[in-house]
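S.K.: Quick one: sequence and predicted model below, then my questions.
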Amino acid sequence: MQENPGPQLPPGAQPPAWPSQPPRGESWFLPVPRGVRYDHLARTQADQLWRAIVGTLMVGIGFLLIQAMVVISGGVIAALAGMPPPANPAVDLFGDPVFGMAVLLLSIALVLPLVFGTAALVQRRRPGTLSSVAGRLRWGWLLRCLALAVLALVLGQIAQIVVMSLTGNEPSKLFGWTGWADFLIPLIIILLLVPVQAATEEYVFRGWFLQAFGVHVRNPAWAILIGSLLFAAMHGYTWLGLVDVFLFGVIMGWLTVRTGGLEAAIALHVVNNLIAFGISAAAGRLDEALRQGDVPWQMLAGTVVQFGVYIVGVLYLAKKRSISTIS
């Protein structure tokens, strides 16, 4: 007995398009919802829960795989170039701290295309929505935040130096000069890779997490806290340093929602990392910076001043410049 083949299409008719595919002639990217906060920008017609879960897994696993591949590639290059083996492989993968810094920064910077691609392919939204409610990075606002970040950092460093002096510590130990011959190459690497590395971490831990949670969660507090915990877990500081990194993540997440974009977070992150790596490279102590480790408590005094100045300044400028906080 022959089975019933089911309904047949008329001659010349085309089968219906797969439901998840956009109709022919329409854009793959879905329209951005209007009048919503930054953390709700992923609430499009394709806001099913599975997309947020799959996207988060792709970003997390991809982050680890990219880092592993870059580190392995770095090890092969180091071996072929005849670099000296590390003195302590448990804390230093490469014998050359400049090369190790380049590998570390590159292993994070290369994650940025993954985040953009995940938003585009899984959530069917334009990658620019990860940047701000304007659907792009607001460069004018970013430059103003960069200037403010420099001011906040300078005031924070002054506060730290004052507290160290009052508590009997020598502030000059923070600085040093190895000479241009040893500083020039690290400086070029820092200027090229640190801005991308710092921005990538913001797109992952503030951008992606805020919006992935924001698809189904109204309050951004949970996304900010979880993203900040994961961000702190990436670092190897002692508990004081981890507290500082966690607070940085919380404040940057809050400012991201309050200003409708990642510009404020990217600016402070970039300036902090440029100065941190730059001071270490200038003093010839890149190996210590890469190992992270212990953080003096006096540093928290500088952190409090820096964060306080930056928060007040960002909120004031955002209001004065009428920075949009909704799409």
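M.R.: Alright, I've got the coordinates.
S.K.: drop to CA atoms for contacts and neighbour counts, all remaining ones
M.R.: Noted.
S.K.: Just the element for residue 274, please.
M.R.: Residue 274 is located in helix 263-282, with elements delineated by DSSP states H and E.
S.K.: just checking, what packs against that helix?
M.R.: Applying 3 or more Cα pairs under 8 Å, 6 or more residues apart in numbering; DSSP states H and E, one finds that helix 263-282 contacts helix 139-166, helix 180-202, helix 239-259, helix 286-291.
S.K.: one more time with 6 Å
M.R.: The contact analysis (3 or more Cα pairs under 6 Å, 6 or more residues apart in numbering; DSSP states H and E) places helix 263-282 against helix 139-166, helix 180-202.
S.K.: can you tell me which of those comes nearest to residue 114?
M.R.: Nearest to residue 114, of all those, is helix 180-202, at 9.9 Å by Cα to Cα.
S.K.: quick one: the spatially closest residue to residue 200 that is not a sequence neighbour and residue 204, what's the gap?
M.R.: In space, and not counting its chain neighbours, residue 200 is closest to residue 112: 5.2 Å by Cα to Cα, 6 or more residues apart in numbering. Distance, residue 112 to residue 204, using Cα to Cα, to the nearest Å: 8 Å.
S.K.: When those two are compared, which one has more neighbours?
M.R.: For the pair residue 112 and residue 204, the greater number of neighbours falls to residue 204 (23 against 19), based on other Cα atoms under 10 Å.
S.K.: number of nearby residues for the nearest residue to that one once chain neighbours are set aside?
M.R.: Residue nearest to residue 204 in three dimensions, not counting chain neighbours: residue 115, with 6.9 Å by Cα to Cα, 6+ apart. Neighbour count for residue 115, taken as other Cα under 10 Å: 24.
S.K.: swap in residue 237?
M.R.: The tally of other residues near residue 237 (other Cα under 10 Å) stands at 18.
S.K.: is it true that it touches residue 292?
M.R.: Yes: at 5.4 Å, residue 237 counts as touching residue 292 under the criterion of Cα atoms under 6 Å.
S.K.: So in the protein, which helix runs the longest?
M.R.: Longest helix in the chain, counting residues (DSSP state H): helix 49-80.
S.K.: Tell me the helix or strand right after that helix.
M.R.: Next element after helix 49-80 (DSSP H and E): helix 97-109.
S.K.: what angle do that following helix and helix 180-202 make?
M.R.: 20 degrees (axes from the mean of the first three to the mean of the last three Cα atoms, to 10 degrees).
S.K.: now the angle from helix 97-109 to helix 49-80?
M.R.: For helix 97-109 against helix 49-80, the angle by the same axes, to 10 degrees is 160 degrees.
S.K.: Give me the contact list for helix 97-109.
M.R.: 67, 70, 94, 196, 197, 200, 286, 287 (Cα atoms under 6 Å, 6 or more residues apart in numbering).
S.K.: following that helix, which helix or strand comes up?
M.R.: helix 112-121.
S.K.: related to what we said a few turns ago, just checking, the residue nearest to residue 200 touches residue 201?
M.R.: No: using Cα under 6 Å, residue 112 is not in contact with residue 201, being 8.3 Å away.
S.K.: For residue 120, give its distance to residue 114.
M.R.: 10 Å.
S.K.: for residue 323, helix, strand, or coil?
M.R.: Assigned with DSSP: H, G, I helix; E, B strand; the rest coil, residue 323 falls in the coil class.
S.K.: Kindly report the same for residue 212.
M.R.: Applying three-state DSSP: residue 212 is helix.
S.K.: what number of residues lie near the nearest residue to it once chain neighbours are set aside?
M.R.: Residue nearest to residue 212 in three dimensions, not counting chain neighbours: residue 52, with 5.2 Å by Cα to Cα, 6+ apart. Residues lying near residue 52 (other Cα under 10 Å) number 25.
S.K.: Tell me who's in contact with residue 327.
M.R.: 34, 35, 36, 133.
S.K.: And it, how close does it get to residue 130?
M.R.: 12 Å.
S.K.: Equivalent analysis for residue 324, please.
M.R.: For residue 324 relative to residue 130 (Cα to Cα), the value is 15 Å.
S.K.: Please identify which of these two sits among more neighbours.
M.R.: The neighbour comparison of residue 324 against residue 130 (other Cα under 10 Å) goes to residue 130, with 29 against 17.
S.K.: Give me the nearest residue to the more buried one, chain neighbours excluded.
M.R.: Excluding its sequence neighbours, the residue lying closest to residue 130 (Cα to Cα, 6+ apart) is residue 207, at 5.6 Å.
S.K.: okay, now that neighbour: neighbour count?
M.R.: The local packing of residue 207 (other Cα under 10 Å) involves 29 other residues.
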